[in-house]
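1. Give the three-dimensional model of this entry:
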Amino acid sequence: MPTNTINIEQSNQQNIQQNIQQNIQHNIQHNYPMQLNRLLQLCSANLPVGGFSFSQGLEYAVEMGWLTSPETTASWIEINLEESIAKTDLAILKRLFSALHNNDLNAFAYWNTHLIACRESHELLLADLAMGKALIRLIKQLNNINVSGYQAIIQLTEISFVSAFALCAYVFKLDLISAQSGYCWTYIDNQVAAATKLVPLGQTQAQNLLFELTENTQAIIEKSNTIDDEDIGTSLPHLAMASAWHETQYSRLFRS
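-> Numbering: from 1, shown residues only. Next up is the predicted model:
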């Protein structure tokens, strides 16, 4: 092959690589800030889904004297994250994302039903369904968000908050890891906010807890993404009973 031809081909390859890099950089600069904003919006305490109306069993745990300090509060939240959220919510969130990517609405409905069946008390089920319904109602009313292709999901009689969260994250064009990170944050933020009122905790103690608890998020997500279908789900008797007994607690700040 003539030398001139080789040089031209090499030059063309270099130009192609430069164009690819420029396009990638352009996409990062123009798309990432918007995706980050959407993630922050989805995980915001201002999201009108009622998440901060529920304590997820924490109020009764405080009543029983199980949580009395930042250390015992951190232990309660960490155990729930590692044994419940990771092995159920995050693991199924991955499968919901896959179902949406493959446009497999039957698989989505299956994992939604599986999630609902995993709730160990009526209160935990109520919170999950109430928040899921509220989030679906919200996404239908958002301007410039087209969910017409997901009517089968929107019209589900019962939808878990995890399922609704997965749909919103997917429509917002978030990647799976960002969605899982955001979901972890919503749980941690909710629990620390509840503990701040109930234990109680000081504002600085609460912020230190947020830093401490989020440092393990990556490991929790990596663990959840290696779980096989048959290993999904867990049982936390203390959490289940605290949630169930909360219904008859004499005085409550949070919904039951």
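2. Average pLDDT for the helix or strand containing residue 124, rounded please.
-> Using DSSP states H and E, residue 124 sits within helix 122-141. In this model, helix 122-141 has a mean pLDDT of 94.
3. Would you mark the buried spots in the next helix or strand along the chain from that helix?
-> Going down the chain from helix 122-141, the next helix or strand is helix 151-154, by DSSP H and E. For helix 151-154, burial by neighbour count (16 or more other C-beta atoms under 10 Å) applies to residue 153. From N, CA and C alone the C-beta is placed, and that goes for glycine too.
4. Name the surrounding residues that touch helix 151-154.
-> 105, 108, 109, 112, 136, 140, 147, 159, 163, 167 (C-beta atoms under 8 Å, 6 or more residues apart in numbering).
5. do you know how far residue 210 is from residue 34?
-> 25 Å (C-beta to C-beta, to the nearest Å).
6. And those two? Which one has more around it.
-> residue 210 (16 against 11; other C-beta atoms under 10 Å).
7. what's the closest residue to the more buried one other than its chain neighbours in contact with, if anything?
-> Distances taken as C-beta to C-beta, 6 or more residues apart in numbering place residue 192 nearest to residue 210, at 5.7 Å, with adjacent residues excluded. By C-beta under 8 Å, 6+ apart, residue 192 lies in contact with 73, 77, 201, 206, 209, 210, 213.
8. Report the distance from stretch 87-104 to the chain centre.
-> Relative to its chain's centre, stretch 87-104 lies at 12 Å (C-alpha atoms, centre = their mean, to the nearest Å).
9. that older thread, next, format the contacts of helix 151-154 as TSV and append neighbour count and distance to residue 217.
-> Below are the contacts of helix 151-154 laid out as TSV (neighbours: other C-beta atoms under 10 Å; distance: C-beta to C-beta, whole Å):
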residue	neighbour count	distance to residue 217
105	16	30
108	25	25
109	16	28
112	24	24
136	22	26
140	11	30
147	15	28
159	25	25
163	29	21
167	24	22
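10. helix/strand/coil for residue 235?
-> coil (DSSP: H, G, I helix; E, B strand; the rest coil).
11. Okay, now the unreliable bits of the stretch 151-256 of the chain?
-> Within the stretch 151-256 of the chain, the ranges that satisfy pLDDT under 70 run 256.
12. sorry, back to before: could you say what helices and strands the helix holding residue 124 packs with?
-> The helices and strands touching helix 122-141, judged by 3 or more C-beta pairs under 8 Å, 6 or more residues apart in numbering; DSSP states H and E, are helix 105-117, helix 161-171, helix 237-246.
13. List the contacts of the last one.
-> Outside of helix 237-246, the residues that reach it under the criterion C-beta under 8 Å, 6+ apart are 55-61, 64, 66, 80, 84, 120-124, 252, 254, 256.
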